[in-house]
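Asks: Attaching a predicted model along with its sequence, questions to come.
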Amino acid sequence: MPNLTTIDFIGTIVAALLTVMVLSYLIGDNLFFRLATYLFIGVAAGYAGAIAWYHVLRPGLVEPLLENGFSTLLEPATIVTLIIPWVLIILLLFRLSPATAKVGTLPLALLVGVGAAVVVGGALTGTLIPQSFAAMETLDPSAQAPLTGEKGFERLVNVLIVLLGTISTLLYFRFSARRKPSGKADRSKLLEGIAFVGQIFIAITFGVMYAGALIATLVVLTERIQFLWDVVSFFLKG
Amino acid sequence: MKIGAYLIWAATAIGVGVVVLLGYFLDSQLVLSLRLALMRWAVLIAAAALLLGLWNLLSVHWSKVSEQYPGWPYSALLILAFLVTLSLGLMFGPDNAVMVVIFDYIQLPIETSLMALLAVSLVVAGYRVVASRRDVSSLVFAVTAFLILIGTGPWLIGNGGSLQILLGEIRNWLAQVWAAGGARGILLGVALGSIATGLRVLLAADRPYGG
Amino acid sequence: MAEQRCPMCSKMNSDDVDVCVYCGARLTPLVISSGAEDSGKADDSGTPDWLARIRSDVEANKEPEPEAQPEAGDDDWLGRLRTSGDLPPEEEPRADASKATDSTAADVPGWVDTRSPDESVEQKAPEWLKRIRARERAERVEEPQEEQSGSGDWLSSLREKTGDTHEETGMGEEPVISSEFAPDDAVSEGEAGLPEIQDLADVLPLDEIPPPEPPADVEPALPGGFERIRKPTEEPVEKLPADNDWLEAFKEAGIAADDEPASEPPVADLPIPDIHAPEIEDVTDDELFAALEGFEDFPEQEKKEDERVAFHELEEVEWMGDVELPTSDTAPEEAYPEEPISQHTPPLIMDGDASPGAADSQELDFDAIELPEWLGELQETGDKISGEAKQPDEGITPATLPAWLEAMRPIDTFRSSVEIEPVDDQAVEAAGPLAGLRGVLMAEPVVAIPHQASIGSGRLDISERQFAQAELLHRMVDDEERELPLESLPQRRLPLVRWVISLLLLLAIGISIVTGTPDTNTFPLPARVPRDLGPFFTLVDELPAERPALLVFDFAPGYTAEFDAVASVVLEHLMRRNIAIATVSTQVNGPLLAARAIERSGAQHDLVNGVDYIHLGYLSGGPTAVQLFAAAPREAILQGFFLPDELEGQTAWVSPILQDVERLSDFSMVAVITAGTDSARVWAEQAHTFMGDTPLLMILSAGAEPLVRPYYESLSPQVDGILTGLPQAVAYEQMNGLAGDALARWDGFNAGMLVVEAVLLTGAMYGVIRWLLKPRRS
């Protein structure tokens, strides 16, 4: 461990204590664990408020007003970049009170409208179309994967597996069925079979994701234990 | 009045949404300029909404302390930490050394330790899955995870051997082909759902903003 | 002694009296001739069999006389008849049964007695009629001459005598037959005291009275006397002095002896159907209702001798000409006594009705006459009457009310008979608002004591479904009230599995860390380079050095330990190539993490802030901020983070690193460091259209790789490179020839991996054993 200043030294001890307090949850829920978590929430929330003001609102609303002055308030550019956002944010502040919450609906409507459009546009142009085209990869055996370098039969099999997985997974999430005269609504046998295949693919995907998450958290656990050992060893070594 | 206000909110959401959506397909300078302005406003409103959310968090815990609900000392600690951090951040700035210290020695170790607890929880959950559940999906899930771990983990014996290589290839094949097929289907499904949900908002079929 | 009930006042009289001792009403009805066409006709055969039969039945049911009361009022009407003049000819006699029964033998108009001067007819008249006629003749002699002179109209003379005084006649009281009432024709002087009826067309001796005809809808032609009765004039009726002589004559005759005032008047020979008889088919409902409307006052129970109701005061109702209306003195219970119809209701006097009296007519063959039904039932119900006024000789049974009228009677409300004591004998009310008063009506037992109404049923008619629902509701209510047993607190199970696994992991990792050395690794390093690492490494290695690289730190602080190992290898690579680095984040803590990472990796490279690296700061807004940054980076970032001193108060875009950067494609590469698939997907969706030739790399956590891989595995990939997890980072470090944090965590990671693998394997074996053993146990 490098030379530590006093602050660093105290901070390291605090960090070690907090680490132990949190890891004590392995034994069971206790006072120290709750103290540590509530402290974390408070600190994180405070920092989030500080950075939202310092890096978004102040440079976007306050500093231009202070720099340009009130003389430029009536300019179109100022109106667009300053006045309207100010009005919208003031209207948003009315949502603090239930009695005046209706007034703050306009900025929320704007925020929701823009967000919905961005999501729709991104999903359409960034996922749906490209991934659809990606699923329609050529089955030409001579083609080669640009990044992985696969080619020939290996690539062909991989493409077919990916294609099968894509279609079966999509069909698994289709739960529309025709109601039979008996009143029971079941999917057709073919669809049930394909959906079962899709279920297998989903299970494989989740298995991989689980293993990956396990690996990631193991790394974190390792780092934490290593940190604690470093602190202990520092104090043991004097 | 109520009907009129609803129309205004819906018209606002639809109008701005259409303009932003058109920017994905049209290369018009007017549309792009208007689109940038709207997104800038949305960024500012999102930051203000973050502050409103923090205010709500404060008020909830404040009421717990004032009413002395069970666990109110924890809420008091939260309020104290929040106020101190916010004050220091507003006073010195979020990139100040003080904030870095607070982050490095309080927030970071706690959050990292919480993530470390997740490792134990995941292992316990995996144990229960393989020990209790016996359906096909659970079997495939458990086998896949085990193969991935075996292919990723170390080999104390036979390291570098053909078996390890084989299992490594199986691991890569599962993760990069089979899982990719399922993931693509999931991504397409997510994209379709996002498009449907977004269009419902843009068509005012859903009004999450109220009114 | 047999008793009979007065039809007017419903009081009990003895059977041997013809006039009610209380009200003076005739107890036995008189027979009235049916019309002019019947006049002159006589029954040659004498009393017809049916009449005799009725009379005999009546005589057989005679009840003992009640306590007699002075007969002062009995003969009043007779007295009035005697003292009055001729009856007005235009008046129609009321064929009211009650009034008819109220009239005693002495009330019989003179024309009844003296209609037939024919000696043969006279000889054929029954004894009682003979006596009446004789008596009337004697009384008439004593009358003032001026009363019998003139037109000889006895009814009109009665009317003149009575004047304007209104007298009551009603049920239970003797009817006020005004002396002024007189038939149009002069009444021949018959028996003493009664004016003679001169209109012989309608005046016949009783034995000559033709058989009654069925009552018509309109009032049939009546003898003049009864015309007058039916339509009383405005002239008051004078009371007739009491005179018991005629009663004495009756007593001697033994027909309807009434020794006491309160004796039951004999049943008159008049065709008097019972007003309450249901057999009155000829009376329409409208007529009866119209008649009932005229019942304004019910006569009081107490007998009032001087209170009479003049006939002219009664409403003119056509059919009620045959009905005697109750007087104001008549109590409702008297007017409508509680007993069955046939027991108390005086018969109606109906013109043209079949009447036993008509049997006296010698000109008619009564054997051929078909009796109406009500008259036949009269004979049957006559036996049931107790205390009803009946004429023993005539045997006329009272008529019964129709069923619908009977249903209207307030049976439960009124008592059959109410005896009112004299005022002095009445008790003083002691409680209530009427305390201190006498004559307060007693609370009827029926009214005072709550009882279940006889009419209507309180039993509900419910279906099985309703019963089931009621039972269900009842059960639900009972369940709410039932005390549930106290549930024992769930026993807290010790998390033994978690303890064991935690201990194993901590021990394995700790031992590997403690026993390991910084320079060597216990566990073998990856032998093979991952297939994805090569392109990534190559791409980074071939980046143009003059253009800055953008690193997006979009992971939570919790993943710092992993990304300290994974991202540091890329940072190290970039720093070694002297590629300027710009950092940005869409996470709140991202700028701090970026600064920390740069500081850790750049410590060995002496990097200068603002020259070798610059922090753009925080992007607020999620996907919108990414889209805005991708479209116009300079408009999205207005400030910087951890700016150098020379850039204080300015934006990060003025730094030398970013002076040539206007768009996203101006960066040499964009590397997104993220642990979440959403962030990677957002950047892949929003930024790929603005990337141009700039590669988009993903530095991912091990768990995010599957959902990012589709963007990579494509002929037109949106992601140009993926670096995933610690194993690839170790391999990257191997390729780079530099030892970093990845290798430092390798042993502990591998130890943990071994424990995890062992735990999962143990769990699988445990599950298989349980599955194998389970069927055997069962």
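Replies: Noted; the coordinates are in hand. Numbers count the residues shown, from 1 in each chain, chains lettered A, B, ... in the order given.
Asks: use CA for all of it now, contacts and neighbours both
Replies: Fine.
Asks: Which strands or helices does the helix or strand harbouring C:V552 pack on?
Replies: C:V552 belongs to strand C:549-554 when elements are defined using DSSP states H and E. Using 3 or more C-alpha pairs under 8 Å, 6 or more residues apart in numbering or on different chains; DSSP states H and E, the elements in contact with strand C:549-554 are strand C:581-585, helix C:590-602, strand C:669-674.
Asks: Between these, which one is closest to chain A.
Replies: Evaluated over those, closeness to chain A peaks at helix C:590-602, with 9.6 Å, by C-alpha to the nearest C-alpha.
Asks: so the helix or strand following the strand holding C:V552 versus helix C:590-602, what angle?
Replies: Once the chain leaves strand C:549-554, the next helix or strand it forms, by DSSP H and E, is helix C:560-576. Computed by axes from the mean of the first three to the mean of the last three C-alpha atoms, to 10 degrees, the angle separating helix C:560-576 from helix C:590-602 equals 60 degrees.
Asks: Check whether helix C:560-576 comes near chain A.
Replies: Yes. Applying C-alpha under 8 Å from any C-alpha of the partner chain, one finds helix C:560-576 touching chain A at C:560-562.
Asks: can you pull out the strands in the chain?
Replies: Answering for chain A, as no chain was given. For chain A, the strands defined by DSSP state E occupy A:178-179, A:185-186.
Asks: if you could check chain C rather than the one you did, that'd help
Replies: C:3-5, C:12-14, C:187-188, C:197, C:549-554, C:581-585, C:613-618, C:669-674, C:696-700, C:721-724.
Asks: by contact count, what packs against the second one?
Replies: Judged by 3+ C-alpha pairs under 8 Å, 6+ apart, the packing partners of strand C:12-14 are strand C:3-5.
Asks: With respect to burial, which of the strands of chain A scores highest?
Replies: Compared across the strands of chain A, strand A:185-186 shows the largest average neighbour count, a mean of 14 (mean count of other C-alpha atoms under 10 Å in any protein chain shown).
Asks: what's the offset of the longest helix seen in chain B from the middle of its chain?
Replies: Longest helix in chain B by number of residues (criterion: DSSP state H): helix B:29-67. Relative to its parent chain, helix B:29-67 has a centroid offset of 17 Å by C-alpha atoms, centre = their mean, to the nearest Å.
Asks: can stretch B:34-44 be found next to chain A?
Replies: Yes. Counting by C-alpha under 8 Å from any C-alpha, chain A has neighbours in stretch B:34-44: B:37-39, B:41-42, B:44.
Asks: in chain A, which spans are helices?
Replies: For chain A, applying DSSP H gives helices covering A:6-23, A:31-52, A:63-68, A:76-78, A:84-93, A:105-122, A:129-135, A:152-172, A:189-237.
Asks: I'd like those as TSV, with distance to C:L551 and mean pLDDT appended.
Replies: Putting the helices of chain A into TSV (distance: least, C-alpha to C-alpha, whole Å; pLDDT from 0 to 100) gives the following:
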stretch	distance to C:L551	mean pLDDT
helix A:6-23	28	94
helix A:31-52	19	95
helix A:63-68	28	85
helix A:76-78	32	84
helix A:84-93	30	92
helix A:105-122	21	93
helix A:129-135	24	88
helix A:152-172	31	89
helix A:189-237	20	92
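Asks: and of those, who's closest to C:Q627?
Replies: Comparison of the helices of chain A against C:Q627 by C-alpha to C-alpha identifies helix A:105-122 as nearest, at 7.5 Å.
Asks: The closest one relative to helix B:29-67, how many degrees between them?
Replies: 120 degrees.
Asks: outside of helix A:105-122, which residues touch it?
Replies: Outside helix A:105-122, the residues that touch it by C-alpha atoms under 8 Å, 6 or more residues apart in numbering or on different chains are A:88-89, A:91-92, A:95, B:8-10, B:12-18, B:20-21, B:24, B:38-39, B:42, B:45-46, B:194-195, B:197-199, B:201-202, B:208-211, C:623-624, C:627, C:682, C:685-686.
Asks: do that again at 6 Å, thanks
Replies: A:88, B:9, B:13, B:16-17, B:20-21, B:42, B:195, B:198, B:209, C:685-686 (C-alpha atoms under 6 Å, 6 or more residues apart in numbering or on different chains).
Asks: Perfect, that will be all.
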